[in-house]
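In: the sequence and its predicted three-dimensional model are supplied below.
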Amino acid sequence: MNMGRATFYEDRNFQGRSYECSSDCPDISSYMSRCQSCRVQSGCFMVYERPNYMGNQYFMKRGEYSDYQSMMGMSDGIRSCRMIPMHRGNYKMRIYERENFGGQMHEMMDDCDSIQERYRMSDCQSCNVMDGHWLMYEQPHFRGRQMYMRPGEYRSFREMGMSGMKFMSIRRITDMC
């Protein structure tokens, strides 16, 4: 399995103290007072604006991210991160119109740039990820706020702190890392 590696920096443009990470980190402030830039050397990471994988999320693949605030709109920089394991194999996810797997259900095995156009579904409030790792987006065509979904049952996006957020497109996290 391909391991990820990222270096987080206190200041913009890779300045100040740094912290190298190759696994999940629930609280980056344990290592530095703030985090304003990052280099992802390998793999993919999901970064969060609050500790314990809470708040707005942003997907990062290999590359340089010199200023979070201007690039991602994160007000306080990065507070926690999750390394996304590389998945080789099939992708499978069921999306549901309502909470607790209610309403319309559609099974997905590939990317969908518009849930509303493809499935005539105006809302997606729960899902079951059977295989693979996925990103759900607030707007069609993979734009807007994101949410990382790994295998498991997600009965209520509202109870996960995503109240008022509609997901309109979904993409598989493939070996693009």
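Out: It's in.
In: where in this structure is pLDDT low?
Out: Applying pLDDT under 70 to the chain picks out residues 1-2, 69-76, 176-177.
In: in this structure, which residue is most central in space?
Out: Against the mean C-alpha coordinate of the chain, by C-alpha atoms, centre = their mean, the closest residue is residue 148 at 3.3 Å.
In: who's in contact with that residue?
Out: Residue 148 makes contact with 46, 57, 59, 82, 84, 133-135, 173 under the criterion C-beta atoms under 8 Å, 6 or more residues apart in numbering. Placement of C-beta: from N, CA and C, glycine included.
In: over to residue 7?
Out: The contact partners of residue 7, taken as C-beta under 8 Å, 6+ apart, are 14, 18-21, 38-39, 41.
In: quick revisit: so what's the gap between the host helix or strand of the residue nearest to the centre of the chain and the chain middle?
Out: Here residue 148 sits within strand 143-149, counting by DSSP states H and E. Counting by C-alpha atoms, centre = their mean, to the nearest Å, strand 143-149 is centred 5 Å from the centre of its parent chain.
In: residues contacting the following helix or strand past that strand, please?
Out: Per DSSP H and E, the first helix or strand lying C-terminal to strand 143-149 is strand 152-154. Residues outside strand 152-154 that contact it (C-beta under 8 Å, 6+ apart) are 101, 126-129, 160.
In: again, 10 Å this time
Out: 93-96, 99-101, 125-130, 136, 147, 160, 162 (C-beta atoms under 10 Å, 6 or more residues apart in numbering).
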